[in-house]
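Novice: pasting the sequence and the predicted model now:
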Amino acid sequence: MKTFDYDDIQLIPRRCVIESRNEADTSVQLGQYHFKIPVVPANMQTVINEEIAIWLASHGYFYVMHRFEPAKREQFIIEMHQKNLYASISVGVKKDEYSFIDQLVAHKIRPEFVTIDIAHGHSDSVIDMIRHIKRVLPHAFVIAGNVGTPDGVRDLEQAGADATKVGIGPGRACITKIKTGFGTGGWQLSALEWCSSVARKPIIADGGIRTHGDIAKSIRFGATMVMIGSMLAGFEQSPGEEVTTAGKTFKEYFGSASELQKQAHHHIEGKRVLIPIKGDLYEELGDMQEDLQSAISYAGGRDLNALKDVDYVVVPNTIYNGDHN
Ligand SMILES: NC(=O)C1=CN([C@@H]2O[C@H](COP(=O)(O)OP(=O)(O)OC[C@H]3O[C@@H](n4cnc5c(N)ncnc54)[C@H](OP(=O)(O)O)[C@@H]3O)[C@@H](O)[C@H]2O)C=CC1
Ligand SMILES: Nc1nc2c(ncn2[C@@H]2O[C@H](COP(=O)(O)O)[C@@H](O)[C@H]2O)c(=O)[nH]1
């Protein structure tokens, strides 16, 4: 298979049909909900917390709360609902997670979105969990992953997933490729195209997004939405610990399968990265929206659909050609 990644692609402009980029509509539908941009911060402990989730939900953005403080999840859903906001949580696949879901059902607490994410999402354990959630919480929109093949997408969709998350190992804090030899790291964009060729439901491209232009490229190659970790970490509001070394201030960003997250040395597939502090997270989301509006104008359209069939060229490492400084 011929593979390529984000840096190897440039999209080709078409005649513009709008008078101002303000006219370009970046909104996206997921289930019954419409969101401002096709971007969701990763469900990682150094990327999202309750405060950010509330801000995102109340300003028209999608979010997925992480699952690494499991005992807080029920109260989180209750609080979101008290504020008339949708609740979007994450679960794993272990026995305790079945008890948690059953407890929600017993208490009549129903999150609008549930994301099941484990390292190797093309697995019986995820399929069983999808079926369970769909049986007991039939109105929840279930996102499942992560997978890196069409078979993975097909199996999770057939089990009842409403969207699948694609990306094994392209993440900035990921060491899966090094530790196991497996993954879509380095060819995530073509893996996305491969997976989307069979998808009947939305795909969320997860990992490896390094520039705003990569969001437009993801949509071109079949994503409905992108999940972003490192590029949405390190902001003033970001939950990672602040670290100062040699007079410079950073924020911690660590993998969900890192030793720091797991507090154990078993099956480590993630690392810690220090990100220079960047400013305001919410301004960054506004900038992303503006850049997507520009992308739509270059695609010759009025909304995200214009990006889906735009022509492109493959030029290895194209965005850095002649641009090293
Ligand atoms: N997108 C990606 O590339 C990756 C993402 N991650 C993230 O890290 C977090 C932790 O992931 P994970 O460790 O899976 O979560 P959990 O620790 O919750 O493990 C989930 C379950 O799946 C089993 N499991 C995990 N990996 C495999 C595998 N390769 N084959 C068979 N069974 C497996 C585990 O058992 P046991 O531990 O006993 O094997 C456990 O029962 C998640 O948020 C995940 O998204 C992690 C790695 C890659
Ligand atoms: N292999 C691993 N992947 C991980 C881990 N923790 C999170 N992730 C994945 O990375 C993306 C974010 O990627 P980024 O390039 O935007 O930083 C995240 O959504 C997960 O799918 C991990 O420990 N190991």
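Specialist: Structure received. Ligands and ions are numbered 1, 2, ... in the order given.
Novice: need the residues of this protein near ligand 2, please.
Specialist: If contact is defined as C-beta under 6 Å from any ligand atom, the residues of the chain in contact with ligand 2 are 42, 44, 146, 167, 169, 171-174, 176, 206-209, 227-231, 255-258, 269-270. The C-beta positions use only the backbone N, C-alpha and C, and glycine is treated the same way.
Novice: check what pLDDT N317 gets.
Specialist: In the predicted model, N317 carries a pLDDT score of 73.
Novice: is the closest residue to it other than its chain neighbours in a helix, a strand, or coil?
Specialist: Nearest in space to N317, with sequence neighbours left out and distances taken as C-beta to C-beta, 6 or more residues apart in numbering, is D7 at 5.1 Å. Assigned with DSSP: H, G, I helix; E, B strand; the rest coil, D7 falls in the helix class.
Novice: contacting residues for the residue nearest the centre of the chain?
Specialist: Within the chain, one residue has its C-alpha closest to the average C-alpha position: by C-alpha atoms, centre = their mean, that is M227, at 1.5 Å. Taking C-beta atoms under 8 Å, 6 or more residues apart in numbering as the criterion, M227 is in contact with 40-43, 64, 165, 167, 204-207.
Novice: how far away is it from V40?
Specialist: In this structure, M227 and V40 are separated by 5 Å, where distance is defined by C-beta to C-beta, to the nearest Å.
Novice: find residues that contact each of the two.
Specialist: Overlap of the contact sets of M227 and V40 (by C-beta under 8 Å, 6+ apart) consists of 64, 204.
Novice: ranges for the strands of the stretch 51-200 of the chain?
Specialist: Counting by DSSP state E, counting those that start in this stretch, one finds strands in the stretch 51-200 of the chain at the ranges 88-91, 113-117, 141-147, 163-166.
Novice: from the contact counts, what lies against the second one?
Specialist: With contacts defined as 3 or more C-beta pairs under 8 Å, 6 or more residues apart in numbering; DSSP states H and E, the packing partners of strand 113-117 are strand 88-91, helix 124-136, strand 141-147.
Novice: and the first one, by the same measure?
Specialist: Packing partners of strand 88-91 (3+ C-beta pairs under 8 Å, 6+ apart): helix 73-82, helix 95-106, strand 113-117.
Novice: kindly reformat these as TSV containing mean pLDDT.
Specialist: Putting those into TSV (pLDDT from 0 to 100) gives the following:
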stretch	mean pLDDT
helix 73-82	98
helix 95-106	98
strand 113-117	97
